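>>> Got a predicted structure plus its sequence, pasted below:
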Amino acid sequence: MTANKRLLVLPGDGIGPEVMREVRRVIEWMDRRRHVSFALEEGLVGGAALEAEGSPCPDSTVERALSADAVLFGSVGGPKWDTLPFDKRPELGILRLRKELGLFANLRPALVLEPLVDASSLKPDVVRGLDLMIVRESTGGIYFGEPRGVETMASGKRRGIDTEVYTEDEIARVARVAFDLAKKRTGRMTSVEKANVMQSGRLWRAVVSEIGRAEYPEVELSHMYADNCAMQLCARPKQFDVILASNIFGDLLSDLAAAATGSLGMLPSATLGAVDSSGRRHALYEPIHGSAPDIAGKGIANPCAQMLSFAMLLRWSFGMEEDAKLVENAVEKVLAGGLRTADIMGPGTARVGTSVMGDAILRELDKLAA
Ligand SMILES: NC(=O)c1ccc[n+]([C@@H]2O[C@H](COP(=O)([O-])OP(=O)(O)OC[C@H]3O[C@@H](n4cnc5c(N)ncnc54)[C@H](O)[C@@H]3O)[C@@H](O)[C@H]2O)c1
Ligand SMILES: CC(C)[C@H](C(=O)O)[C@@H](O)C(=O)O
Ligand SMILES: [Mg+2]
């Protein structure tokens, strides 16, 4: 089969390259066993790019991302670069890619797999069967709003400024992505903001309501303040199906949802752009966790979130549902067999490192594909 699937792999920093290594093995397995070949390139981003090329997101990386069919991203950042000015910080790597590729809809599924019910920080009954999807706006809001910066006032004291700005078009396009998903799932959607204190939140609620009424009358839409949503995600997470949130609230709520699933090391994500006139759409796939400097270099990171991000890539960018399911099933089988990285240990399970987890996933893939 010809390698017509252009894939750019950006491992980044910290545990990024460690967990990406295990996905690369699965990509090789797919070539060998499923005859699925990718035209794969690897590039630099984050601190790794800063060290090598002086920029956390070199133009060459952006150009390669723009011409790829899909980008598989690891994670960026680390204490070494924490005091650099914003235009040098590794995190700019992911922010610039989202912006330049127009990746406005960040899909963050939180799924509690049965073998991990005990790994959750919540009670088993509260999380068993949890399956929700956070749709996070990802190219607007306080992450990009102007004015921003630190300035010195007349008093000589400094003040820091960030601005939450949303246009109605920005709200509408991500709302449609969430409504479409809700239609395909259980038909329920919760839109989250703070319309009680924020002007942008008030507009957010109005625009989402208008689109719901006019275009998705079959979706049961409810609204919730973000602080209440955080509480409800801990208390009764199963009440939710699709949650729609701004950039900052979606960031916070998805880390919170991760704790319900057992660990940040379990949650994948897909960040999608608009479909263009030729049917093409830019897309980037990444775990929601960061570079985990506290465990980087120890070989103990959980590779599942990166692996499941690859499964999302197969599904969303290449329509390879069967292969996506294979990867997801292999991960679940390994967990059901009792192997665990340190972050998801439970009673009666065996602790292993990143590469042993990768070995086990490959073994399960062999069995599933036999
Ligand atoms: N998309 C990204 O690249 C991304 C996302 C979040 C944070 N970051 C950056 O990562 C750096 C560290 O941030 P942080 O510590 O706040 O968040 P983090 O997600 O890196 O880590 C938070 C905690 O979760 C644990 N953890 C995360 N992923 C894990 C995995 N796969 N397996 C096992 N344990 C895992 C870590 O060990 C840590 O205790 C910062 O520079 C931050 O800006 C990058
Ligand atoms: C690293 C950082 C810029 C990023 C974000 O805030 O979007 C991360 O926390 C995430 O969740 O992807
Ligand atoms: Mg985050």
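Ah, there it is. Ligands and ions are numbered 1, 2, ... in the order given.
>>> Tell me which helix or strand the closest residue to ligand 2 within the stretch 151-300 of the chain sits in.
Distances between the stretch 151-300 of the chain and ligand 2 by CB to the nearest ligand atom are smallest at Asp251, namely 4.6 Å. C-beta coordinates here come from the backbone N, C-alpha and C atoms, glycine included. Here Asp251, judged by DSSP states H and E, is contained in helix 247-261.
>>> likewise Met307?
helix 304-318.
>>> Equivalent analysis for Glu51, please.
With DSSP H and E as the test, Glu51 turns up in helix 47-53.
>>> Then Leu84?
Counting by DSSP H and E, Leu84 is found in no helix or strand.
>>> Now do the phi/psi pair for it.
phi -70, psi 150 (degrees, to the nearest 10).
>>> residues near it, how many?
14 (other CB atoms under 10 Å).
>>> Pull the number of nearby residues for Thr354.
22.
>>> Tell me which residues touch it, please.
Ile15, Glu18, Val19, Arg21, Glu22, Gly299, Ile300, Ala301, Asn302, Pro303, Thr341 (CB atoms under 8 Å, 6 or more residues apart in numbering).
>>> if we go to 7 Å?
By CB atoms under 7 Å, 6 or more residues apart in numbering, Thr354 lies in contact with Glu18, Val19, Glu22, Gly299, Ile300, Ala301, Pro303, Thr341.
>>> ok, now Ala70?
Shown in contact with Ala70 (CB under 7 Å, 6+ apart): Leu7, Ala283, Tyr285, Leu313, Ser317.
>>> Greatest separation within those: which pair is it?
Greatest spatial distance among these (CB to CB): Leu7 and Ala283, at 10.7 Å.
>>> circling back to that earlier point, roughly how far out does the helix holding Glu51 sit from the chain middle?
Centroid separation between helix 47-53 and its chain, computed with CA atoms, centre = their mean, to the nearest Å, is 23 Å.
>>> by contact count, what packs against it?
Here helix 47-53 touches no other helix or strand, going by 3 or more CB pairs under 7 Å, 6 or more residues apart in numbering; DSSP states H and E.
>>> how about the residue in the stretch 201-350 of the chain positioned nearest to ligand 1, secondary structure?
Nearest residue of the stretch 201-350 of the chain to ligand 1, counting by CB to the nearest ligand atom: Gly290, 2.3 Å away. Per DSSP: H, G, I helix; E, B strand; the rest coil, the local secondary structure of Gly290 is coil.
>>> From Leu95, how far out is it?
According to CB to CB, to the nearest Å, Gly290 stands 13 Å off from Leu95.
>>> residues from this structure in reach of ligand 1?
15, 19, 75-78, 91, 94, 263-265, 286, 289-295, 301-302, 305, 341, 343 (CB under 6 Å from any ligand atom).
>>> Okay, and which of those map to strands?
Ser75 (DSSP state E).
>>> And the residues of the chain next to ligand 1, which of them are buried?
The neighbour-count criterion (16 or more other CB atoms under 10 Å) marks 15, 19, 75-78, 91, 94, 263-265, 286, 289-292, 295, 301-302, 305, 341, 343 among the residues of the chain next to ligand 1 as buried.
>>> circling back to that earlier point, tell me which residues of the helix holding Glu51 come out buried.
Taking 16+ other CB under 10 Å as the criterion, helix 47-53 shows Gly47, Ala48, Ala49, Leu50 as buried.
>>> ditto for stretch 230-245
Buried residues in stretch 230-245, counted by 16+ other CB under 10 Å: Ala230, Gln232, Leu233, Pro237, Phe240, Asp241, Val242, Ile243, Leu244, Ala245.
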